[in-house]
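Asker: sharing a model that was predicted from the sequence below.
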Amino acid sequence: MKTKAFFTVVVLLIASLFMVAGNKSDLKGKIQDYSGVGILFSTLEVYKLGGVEGQLICKAITNINGEFELPDLGAGEYKLVIKAEGFEDKVQFVKLSGKDENIGSIRLEGDVITLNPAIIYGKEA
């Protein structure tokens, strides 16, 4: 009898681990500039929608090709905040269903930098 109970507990424990693991997703994609070139060292901040709003779940940085991978996100809705030097920040909303997903390419627009004019004073030689 003890063996049956122990076996039942072990089976239930293993089944629950598979259920939890089955609800995790890897989110993949690529950050690009206007010409389609990947942006190195772009940062992604991931926030979960619903529940505790505004709570940062994880951060990631793109590789040399502008690609990123966010492992082990649970099913649900997320807000991605994408930042890169010289580009405007972008917000992207994603809904995950518990399976791996590739959201493809996200293009960032260049940030306009306004310079003040330089005035040079001097004497004629």
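Answerer: That came through, no problem.
Asker: now the residue sitting nearest the centre point of the chain: which helix or strand?
Answerer: Against the mean C-alpha coordinate of the chain, by CA atoms, centre = their mean, the closest residue is residue 44 at 4.6 Å. In the assignment (DSSP states H and E), residue 44 maps to strand 43-48.
Asker: for residue 36, same thing?
Answerer: Element membership for residue 36, per DSSP H and E: none, as it lies in no helix or strand.
Asker: now it: how far from residue 84?
Answerer: When CB to CB, to the nearest Å is the yardstick, residue 36 and residue 84 sit 15 Å from each other. Where you see a C-beta, it was placed from the backbone N, CA and C, and this is true even at glycine.
Asker: what does residue 56 give?
Answerer: Going from residue 56 to residue 84 by CB to CB gives 18 Å.
Asker: can you name the element that comes right after the helix or strand of the chain with the lowest mean pLDDT?
Answerer: Within the chain, no helix or strand scores below helix 2-22, which has a mean of 48 by mean pLDDT, DSSP states H and E. In the C-terminal direction, the helix or strand that comes right after helix 2-22 (DSSP H and E) is strand 24-32.
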